[in-house]
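> Only the shape, not the letters, is given here:
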């Protein structure tokens, strides 16, 4: 979609207030391009009032962090699914490493970063510019005190200052990217030793320090002047506020610092409650953004506590609820459904040990912060990230928590977020875990990171995922695949007349949103029953309402899914079941058989012929899963198709009894 078409579609979902705001913002940006309203040369920084650091403990096994730093010094950077990409040392900060396209050094806020012809894949360009590589070098320096790592940080920063002058280029086009860079600089500054770092020794060192602080000032001014508002006031705003608060607390060096800290802190308190439901579900309806926002909240808590200004009980209570939701969504193996968008972003790679799981890590830290033995049981171990953040005192709290005495895990319903978790033996090796979705499409007018997944559900047995949400894959590029992965056919639900339940209008925009609701939630000792509906297809010339029930018999381990399609006319209907690629799928008499070692699951649909199996299909798109951003791998999608006339019921039976192998 062209930039003009995207803007026109976005105008369709904006109110008068947002349109007025955007007009005023555009005028202000054009004035800034002429030099009006930019950050002035900052006064000399007041270094006697610098914020306190909070990193507590170094890892017992330093090898993974040293190896990561050596890769950076060798010019190898991680860019999403591409590990150790050779970009040079220092890299070309304005070149997209995926396409090789060089972004122009025009005024950043007027640069159309969505246009691939101008900047390439901007997500890939931005990723190294978040400066996680500086954090990698700083961690290795804190562990080893090897001056090569500190000098590498200086070389990267000086090259960035030269190549990315304020306010020009793609790296000055997004307030969120500037804010996340400030977070990386915060980690780097403290791990280097703060103002006492050897990098700042002598006259040359002081010049470097002052240049770095001048860029911090420019970043703070830029973020504070370009907050995401109205329909974009989602996780972007929360990240921008986090970056400004962390920076203003770390470097309270200028007359504006107090105002920046007060404003960002007050808005963080408010946004924590606005962007996250009272039941703990993040309003974006995207599980990775649930993690990302919770991780930012955790960072804010640590920075505020280190500087004697703790956040409110309401803020902390909402964070605890968010971690509680992640615990409920996690199966016994620690996997969570990949609901909604995800870009795999981390504030820093605190844990480089094999098997790092960001959700379990957050549960481990949450277990200590909130003294929750049930979080400890789901986390499994006190990981390296938690050790870095919480130190020996945190580990001591962890050891005192008795996970064996935590309450048994129960079925859960989250009424605000619209998710229901049920099954049998939850939290045990033989669990059956079903996650059903009757929640909103997403947050605010554009619902940017939501997927058209109403009445979809995921299924896992004993920690082995069976029915999956295939994930995200792409954001700004690969339009065909962006549309597919967030569309209805990429979820375990029903598509009507080849249309998505909600009407897309751009990569991060939905023009018409399906409204889903849970109509019944009846968990019991022998049977769980769930019912939901959505109105996404009532927009058709012959309106159609989709209702679905899930009826799980715990004794026989049989799940019956009944879909009711209420309509008068004729429609083409498709049922999609996305199977984790670790299972082998084949069509057999009466349906489909899924095998994984000794485990066998059978799927059958009444009044239907044999299904088709899609695997790594380009046309029609299907048979893929994206465990990581910008990387998709082959999986199997089971598809039943049919034409209906008038209100129709169809039952699909999942016999799970052969999958419950001890």
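The structure has been received and is ready for your questions. Only a predicted model underlies this, so the values are computations on that prediction, with no experimental measurement involved.
> residue contacts, the closest residue in space to residue 271 that isn't next to it in sequence?
Leaving aside its sequence neighbours, residue 271 sits nearest to residue 238 (Cβ to Cβ, 6 or more residues apart in numbering; 5.4 Å). No exception for glycine: its C-beta is placed from N, CA and C like everyone else's. Taking Cβ atoms under 8 Å, 6 or more residues apart in numbering, we find residue 238 in contact with 268, 271, 272, 275, 293, 296.
> and the fourth one, how many neighbours?
A count of neighbours around residue 275, defined by other Cβ atoms under 10 Å, yields 20.
> and if you look at the third one?
Using other Cβ under 10 Å, residue 272 has 25 neighbouring residues.
> circling back to that earlier point, mind listing which of the contacts of residue 238 are in strands?
If you go by DSSP state E, the contacts of residue 238 have nothing in strands.
> ok, back up a step: doesn't the residue nearest to residue 271 belong to a helix?
Yes - Residue 238 forms part of a helix when assessed by DSSP: H, G, I helix; E, B strand; the rest coil.
> so how far is residue 102 from it?
Computed as Cβ to Cβ, to the nearest Å, the residue 238 to residue 102 distance reads 32 Å.
> ok, now residue 393?
Residue 393 is 49 Å from residue 102, by Cβ to Cβ.
> same deal with residue 514?
Distance, residue 514 to residue 102, using Cβ to Cβ: 41 Å.
> Then residue 86?
Here the criterion is Cβ to Cβ. By it, residue 86 lies 17 Å from residue 102.
> The two - which one has more neighbours?
Counting neighbours by other Cβ under 10 Å for residue 86 and for residue 102 shows that residue 102 has the greater number, 15 against 12.
> got a list of what that one touches?
92, 94, 95, 96.
> how near is it to residue 597?
Applying Cβ to Cβ to residue 102 and residue 597 gives a distance of 50 Å.
> With residue 119 instead?
46 Å.
> Which one's more surrounded, these two?
Higher neighbour count among residue 119 and residue 597: residue 119, with 26 against 10, using other Cβ under 10 Å.
> That one reaches residue 96, doesn't it?
Yes - applying Cβ atoms under 8 Å, one finds residue 119 in contact with residue 96, separated by 6.4 Å.
> shared neighbours of those two, which are they?
Shared contacts of residue 119 and residue 96 (Cβ under 8 Å, 6+ apart): 103, 125.
> Contacts only, for the residue lying closest to residue 343 once chain neighbours are set aside.
In space, residue 343 comes closest to residue 629 once its chain neighbours are excluded; the distance is 5.0 Å by Cβ to Cβ, 6+ apart. Residues counted as contacts of residue 629 (Cβ under 8 Å, 6+ apart) are 80, 81, 123, 342, 343, 344, 472, 473, 474, 475.
> go again using 10 Å as the cut-off
Taking Cβ atoms under 10 Å, 6 or more residues apart in numbering, we find residue 629 in contact with 79-81, 123-124, 127, 288, 341-345, 471-475.
> and the spatially closest residue to residue 383 that is not a sequence neighbour, how far is that from residue 389?
Spatial nearest neighbour of residue 383, excluding adjacent residues (Cβ to Cβ, 6+ apart): residue 361 at 4.9 Å. Look at residue 361 and residue 389: by Cβ to Cβ, they are 9 Å apart.
> So for these two, which residues contact both of them?
Common neighbours of residue 361 and residue 389 (Cβ under 10 Å, 6+ apart) are 350, 383.
> okay, now residue 525: neighbour count?
Neighbours of residue 525 using other Cβ under 10 Å come to 8.
> buried stuff in stretch 239-246?
Neighbour-count burial for stretch 239-246 flags 239, 240, 241, 242, 243, 244, 245, 246 (criterion: 16 or more other Cβ atoms under 10 Å).
> can you check stretch 509-529 too?
Quick answer for stretch 509-529 (16+ other Cβ under 10 Å): 509, 510, 511, 513, 514, 516, 518, 521, 523, 528, 529.
> mind checking pLDDT for the fifth one?
This means residue 514. We have a pLDDT of 97 for residue 514.
> again with the first one
Looking at residue 509, its pLDDT is 93.
> now it: how far from residue 345?
21 Å.
> what about the stretch 351-500 of the chain, any weak spots by pLDDT?
The stretch 351-500 of the chain contains no residues with pLDDT under 70.
> Any regions of this protein where pLDDT drops low?
1-14, 16, 18, 21-22, 54-57, 661-662.
> Please go through it and pick out the longest helix.
The single longest helix within the chain, with elements called by DSSP state H, is helix 202-225.
> List the buried residues of it.
208-209, 212-225.
> contacting residues around the nearest residue to residue 357 once chain neighbours are set aside?
Distance criterion Cβ to Cβ, 6+ apart; nearest residue to residue 357, sequence neighbours excluded, is residue 334 at 5.0 Å. Listed by Cβ under 10 Å, 6+ apart, the contact partners of residue 334 are 355, 357, 359, 360, 361, 363, 378, 379, 380, 463.
> Please tell me I have it right and the last one contacts residue 380.
When you say that, I think you mean residue 463. No - Residue 463 lies out of contact with residue 380 (Cβ atoms under 10 Å); the separation is 11.5 Å.
> Mind listing what's buried along the helix or strand containing residue 320?
Applying DSSP states H and E as the criterion places residue 320 in helix 313-329. Residues 315-316, 318-329 are the ones in helix 313-329 that count as buried (16+ other Cβ under 10 Å).
> Tell me the gap between stretch 215-226 and the middle of its chain.
Distance of stretch 215-226 from its chain centroid, counting by Cα atoms, centre = their mean, to the nearest Å, is 24 Å.
> Repeat that for stretch 612-625.
Offset of stretch 612-625 from its chain centre (Cα atoms, centre = their mean): 25 Å.
> Check stretch 325-345 too.
10 Å.
> Give me the nearest residue to residue 521, chain neighbours excluded.
residue 413 (4.9 Å).
> returning to that earlier point: between the contacts of residue 334, identify the one with the most neighbours.
Neighbour max across the contacts of residue 334 (other Cβ under 10 Å) = residue 379, 29 neighbours.
> where does that residue fall, phi/psi-wise?
Main-chain dihedrals, residue 379, degrees, to the nearest 10: phi -70, psi -40.
> For it, which residues are in contact?
Residue 379 is in contact with 323, 327, 330, 334, 357, 359-368, 372, 386, 398, 401, 403, counting by Cβ under 10 Å, 6+ apart.
> and what of residue 299?
Contact analysis of residue 299 by Cβ under 10 Å, 6+ apart lists 54, 183, 186, 187, 242, 243, 245, 246, 347, 348, 389.
> Tell me how far residue 406 lies from residue 189.
Residue 406 is 38 Å from residue 189, by Cβ to Cβ.
> quick one: which of these two has more around it?
residue 189 (26 against 17).
> Please name the nearest non-neighbouring residue to that one.
According to Cβ to Cβ, 6+ apart, the nearest residue to residue 189 is residue 250 (6.4 Å).
> so who does the one you found touch?
50-53, 182-183, 185-187, 189-190, 194, 216, 257, 303, 306-307.
> Just the buried subset of these, please.
If you count burial by 16+ other Cβ under 10 Å, the buried members of the contacts of residue 250 come out as 50-51, 53, 182-183, 185-187, 189-190, 216, 257, 303, 306-307.
> Which two of these have the greatest separation?
187 and 257 (19.0 Å; Cβ to Cβ).
> which secondary structure element contains the residue nearest to residue 357?
Short version, using DSSP H and E: residue 334 is in no helix or strand.
> Return the distance of it relative to residue 279.
22 Å.
> what's the answer for residue 371, then?
Noted for residue 371: a distance of 21 Å to residue 279, by Cβ to Cβ.
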